[in-house]
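Colleague: coordinates only, sequence not included:
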């Protein structure tokens, strides 16, 4: 809009006095129309002296031609220019002194042409601060012209180079740079001058006064004037010779370490941040049948990890690099060249560069394939033993170091007058012993737990559920359960034993042989078992467990939710591995294949006898309240509570964690999804419990 010039002048006159900077207005010829009091003070003129004067009169003589060119360009292309946006110059006071200033400009269209409203800021203090910083900064700084001649250097540069300032200013960058590094330095400066790159950085060797060499990290930027022409180069120089020496020492240490690792029967390897193999010892090659040339530089997961485990382990690898633990342990199967599977137990540490940056991981692995096969055989033996004990006509129990029942078989529960072992498990043994026999039973248990005697036989009076008494004959022996020494005991009602002495004799003989064989199993069980789990299903199980707990479900039902969480995606074994690990978004057809995993999970789990609706929860965990889920488009109460809990836990974990086709979106984004679709896609109570856990109670997503 074009305004009346007189109206503009009247309006701006009031405006200028309220502006925080020295301000002025000029007309289309560059004549000063208005100034404020700050401008009078800055330039030493009175307002009447400045009115009508050309704005060029406030610029030193040597800059007036350049300033006139700027004015012509500005009035040709009027535009708003912010303070510090390229318009910095020298101003001239009435007394002839100069000061550095920055200006801002705003054009105003009037009936008399373009008027310009401007603000001027004294930046003298900024220059002083820069000079102080230049002199005191703890990094070498050098200004050089386009030919490479040094224009200015700071004290730190002199310290690094060994030259005085006067000596340095007589030098060229070619004289300071090692001959082998001169060409790349000149080439980088040429690219900057050509406009292809304004800044370059790298490492180069410098020649100190006296001829000694040092390594330096150099960052160089080309400074251009307001007209775009090159002014000079600024280089920041760090002496990195100590780091280079440390790096060489590290390489030597690695060579010694590598030689040592070649002589042990352990797998040793190093991976970079992308999980590519940078080192492996000969034992890994012997174990897997690969050659060093075949695997060097290749991705560890793609070569050695079974397809069904790759995404899970990749997620763990990325998470660990992000969380930077000092060390961590896990075990997994690896594939040999012939596709045989070997089980390896890994000890891992983070690798860092001399500067402290994470560069990868180092791992030492033990081939535990045979050990795990032995464990499987022992577990099978234990299962057979448990089946025999559960069906035994004799009472059997395990008593822990606190003299509580750790395990009671159904027969002992019947002997004590209970329908099942559940009310007995975890309770003190002496609760079921008549007062007059407390000392006898306690001493026998103490001797077994302490290892003073291997076994004992004795009789005592037991208290049944209804308060009646029964005389029991007990045979206790020491064993191991959960890695701790315990008492394993068989118990019989003596009266019943007398009525069926012959049968009991045969049964006791069988149980004794079974117990003797189990002692060996249980004695090594603690060492052989490893409760370590990881991955998506584990995290979903843990989040689902936390939500179920927050909802106040019973302990038994919470356990059912946990098991369902751990198994909800088991059906993905039916989905092609290349789809699960695809690093980009799935096609519609591919996604339809993935969606079948819920049905497949149900088909796998429905034949297992769980005390909880595990199969149904896995089947329904992708259903949504409004019927938009899959595979059956169930709605509302048609979806069981366990599945509604899994739906929220699965969504939170999936969105917050990394996927092959995208990085993790973070817990805040995941919680926003739950909050936004609370009551539409997700159960209100479940969603509220989840949000409370994370936002109020500080619950964190499991690693």
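Modeller: Thanks, I have the structure now. Everything numeric here is computed off the predicted structure, so don't read it as measured data. Numbering: from 1, shown residues only.
Colleague: Now name the helix or strand holding residue 648.
Modeller: In the assignment (DSSP states H and E), residue 648 maps to helix 641-656.
Colleague: That helix: how far from the chain's middle?
Modeller: Distance, stretch centre to chain centre, for helix 641-656: 20 Å (Cα atoms, centre = their mean, to the nearest Å).
Colleague: just checking, what packs against the helix or strand that it is followed by?
Modeller: Moving toward the C-terminus from helix 641-656, the next helix or strand (DSSP H and E) is helix 667-676. With contacts taken as 3 or more Cβ pairs under 8 Å, 6 or more residues apart in numbering; DSSP states H and E, helix 667-676 sits against helix 641-656, helix 684-691. (Glycine included, C-beta is placed from N, CA and C.)
Colleague: tell me the angle of the shortest one relative to helix 667-676?
Modeller: Which is helix 684-691. In terms of direction (axes from the mean of the first three to the mean of the last three Cα atoms, to 10 degrees), helix 684-691 departs from helix 667-676 by 160 degrees.
Colleague: Kindly report the same for the first one.
Modeller: Using the same axes, to 10 degrees, the interaxial angle of helix 641-656 with respect to helix 667-676 works out to 140 degrees.
Colleague: same for helix 641-656, what does it pack against?
Modeller: Applying 3+ Cβ pairs under 8 Å, 6+ apart, one finds that helix 641-656 contacts helix 536-550, helix 555-567, helix 614-620, helix 667-676, helix 684-691.
Colleague: How about the shortest one?
Modeller: Helix 684-691 is packed against helix 536-550, helix 641-656, helix 667-676, with contacts defined by 3+ Cβ pairs under 8 Å, 6+ apart.
Colleague: Test my guess that residue 121 contacts residue 21.
Modeller: Yes: counting by Cβ atoms under 8 Å, residue 121 touches residue 21, with 5.3 Å between them.
Colleague: Give the residues shared as contacts by the two.
Modeller: Here residue 121 and residue 21 share the contacting residues residue 83, scored by Cβ atoms under 8 Å, 6 or more residues apart in numbering.
Colleague: and the angle from the helix holding residue 648 to helix 536-550?
Modeller: Using the same axes, to 10 degrees: helix 641-656 against helix 536-550 is 130 degrees.
Colleague: pLDDT averaged over helix 641-656, what's the number?
Modeller: The pLDDT scores in helix 641-656 average 94.
Colleague: Repeat that for stretch 192-199.
Modeller: Mean predicted confidence for stretch 192-199 is 80.
Colleague: buried sites along that stretch?
Modeller: Of all the residues in stretch 192-199, those buried under the rule 16 or more other Cβ atoms under 10 Å are residue 192.
Colleague: Run the chain-centre distance for it.
Modeller: 37 Å.
Colleague: Start and end of that stretch, how far apart?
Modeller: Using Cα to Cα, to the nearest Å, the gap from the first to the last residue of stretch 192-199 comes to 7 Å.
Colleague: Please apply the same query to stretch 327-342.
Modeller: End-to-end distance of stretch 327-342 (Cα to Cα): 23 Å.
Colleague: May I see the buried residues of it?
Modeller: For stretch 327-342, a neighbour-count test (16+ other Cβ under 10 Å) marks 328, 330, 332, 333, 334, 335, 342 as buried.
Colleague: Among these, which one lies nearest to residue 194?
Modeller: Relative to residue 194, the closest of the buried residues of stretch 327-342 is residue 328; by Cβ to Cβ it sits at 49.2 Å.
Colleague: The residue nearest the centre of the chain sits in which helix or strand?
Modeller: Note on the chain: the residue nearest the mean C-alpha position is residue 322, at 3.4 Å, using Cα atoms, centre = their mean. Assigned by DSSP H and E, residue 322 belongs to helix 307-323.
Colleague: What's the first helix or strand after that helix?
Modeller: Moving toward the C-terminus from helix 307-323, the next helix or strand (DSSP H and E) is strand 327-335.
Colleague: Please compute how far the helix or strand that that following strand is followed by lies from its chain's middle.
Modeller: Per DSSP H and E, the first helix or strand lying C-terminal to strand 327-335 is strand 341-352. In terms of Cα atoms, centre = their mean, the centre of strand 341-352 is found 19 Å from the chain centre.
Colleague: ditto for stretch 366-376
Modeller: The answer for stretch 366-376 is 31 Å, by Cα atoms, centre = their mean.
Colleague: Equivalent analysis for stretch 189-207, please.
Modeller: With Cα atoms, centre = their mean, you get 35 Å for stretch 189-207.
Colleague: So what touches that stretch?
Modeller: Residues from elsewhere that reach stretch 189-207 (Cβ under 8 Å, 6+ apart): 146, 148, 160-161, 175-178, 180-181, 184-185, 188, 213-222, 224, 230, 233, 237, 240.
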